[in-house]
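Peer 1: Sequence first, then the predicted structure:
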Amino acid sequence: MKKVAAIQMASGSNVAANLLEAERLITQAAAEKANLIVLPENFALIDKEDHALLNIAESYSSGPLQKFLSQQAAKHKLWIVGGTIPLKSNNPKKIRAASLLFNDEGQCIARYDKLHLFDVSLPSGNEKYCESSAIESGEKTVVVDTPIGRLGLAVCYDLRFPELFRCLIDEGMEVLVLPSAFTAITGKAHWESLLRARAIENLCYVIAAGQGGFHTSGRTTHGDSMIVDPWGTILTRLPRGSGVITAELDPERLNSTRRNFPTINHRRIDCKLAPKYPT
């Protein structure tokens, strides 16, 4: 069995301070013998406006944030899902929210750009978000082989779109990683339900690493990072504050669940090729 870790933070507007905190928590996870670590969304910077990410945007394969992730992975000989960092896009006014996967030699072996952007007004009427004003959506799904199994990459708001995870299942996903920064309002209402639903629907492990707490920008995030098994059982969680949670992933648990309860094989509808009935 392999041990995995989810790191929870309450990142602020000081990049250097955020990296120091991330390094401290990565070191703690390494000491707990984690083979793979997942950082939260925007671990290096959370500011009042998403446009602040433009100021630290990097070209793919170079820059201090990518160097930091590479060095940490190589130093501790473990795999790191680098939450999200801002990478430059073809539009100078927008970035890509990229989740990068580094192997235990410090090599970046996969990149996923967040597909679904959080453009919403919350029911309270006091909070509005428009990620698309500063972020350019990605176009591709990503599933990659790792020592803990076939890893599917997704980010935060993606969690609300179950068709994405059906695509990942068709690509062989066994473990889903989800760096996040859920709001306090939406997290309280939906976070646990959605995480457990995605695990149950897809009979996969879910590693959800969230931002959790009060941020210097004035924002409050939900936290409650979790690791969930293919039956929807919460193996471990961290309700609030910075910290590390770990759990062992059992491939035989996953395989036996899929073998004895083969709902994935019982699907009869392909959303892209759904039958059309006369109107």
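Peer 2: Cool, the structure landed.

Peer 1: a helix runs through Ala199, doesn't it?
Peer 2: Yes: under DSSP: H, G, I helix; E, B strand; the rest coil, Ala199 falls within a helix.

Peer 1: could you give the mean pLDDT of stretch 212-220?
Peer 2: The average pLDDT for stretch 212-220 rounds to 87.

Peer 1: Give me the contacts around that stretch.
Peer 2: With Cβ atoms under 8 Å, 6 or more residues apart in numbering as the contact definition, stretch 212-220 has outside contacts at 8-14, 40, 46-48, 183-184, 221-225, 238-242. Glycine gets a C-beta too; all of them are placed from N, C-alpha and C.

Peer 1: let's see it at 6 Å
Peer 2: Taking contacts as Cβ atoms under 6 Å, 6 or more residues apart in numbering, the residues outside stretch 212-220 that touch it are Gln8, Ala10, Gly12, Ser13, Ile46, Asp47, Lys48, Ala184, Thr221, Gly223, Arg240, Gly241.

Peer 1: Next: stretch 200-207.
Peer 2: 4, 6, 38, 165, 169, 173-177, 195, 198-199, 227-230, 232, 249, 257-258.

Peer 1: Mark which of those residues are buried, thanks.
Peer 2: Neighbour counting by 16 or more other Cβ atoms under 10 Å classes 4, 6, 38, 165, 169, 173-177, 195, 198-199, 227-230, 249, 257-258 among the contacts of stretch 200-207 as buried.

Peer 1: any low-confidence regions in the stretch 151-279 of the chain?
Peer 2: Low-confidence segments of the stretch 151-279 of the chain (pLDDT under 70): 271-279.

Peer 1: Run through the helices of it in chain order.
Peer 2: For the stretch 151-279 of the chain, the helices defined by DSSP state H, counting those that start in this stretch occupy 162-170, 184-186, 192-202, 251-260.

Peer 1: Just name the most buried of the ones you listed.
Peer 2: Ranked by mean neighbour count under mean count of other Cβ atoms under 10 Å, the helices of the stretch 151-279 of the chain are led by helix 192-202, which reaches a mean of 19.

Peer 1: what's Val15 in contact with, if anything?
Peer 2: So Val15 contacts Ala44, Leu45 (Cβ under 6 Å, 6+ apart).

Peer 1: What does it show for phi and psi?
Peer 2: phi -60, psi -40 (degrees, to the nearest 10).

Peer 1: ok so Phe68 is a helix residue?
Peer 2: Yes: according to three-state DSSP, Phe68 belongs to a helix.

Peer 1: Specify the beta-bridge partners of Thr183.
Peer 2: Counting by DSSP bridges, Thr183 forms beta bridges with Thr221.

Peer 1: Quick one: neighbours of it, just the number.
Peer 2: By other Cβ atoms under 10 Å, 20 other residues sit near Thr183.

Peer 1: ok, now Met1?
Peer 2: When neighbours are defined as other Cβ under 10 Å, Met1 has 12 of them.

Peer 1: My read is that it contacts Asp250, right?
Peer 2: Yes: at 5.1 Å, Met1 and Asp250 qualify as touching, with contact defined as Cβ atoms under 6 Å.

Peer 1: Tell me which residues touch Leu238, please.
Peer 2: Leu238 makes contacts with Gln8, Ser225, Ile245, as judged by Cβ under 6 Å, 6+ apart.
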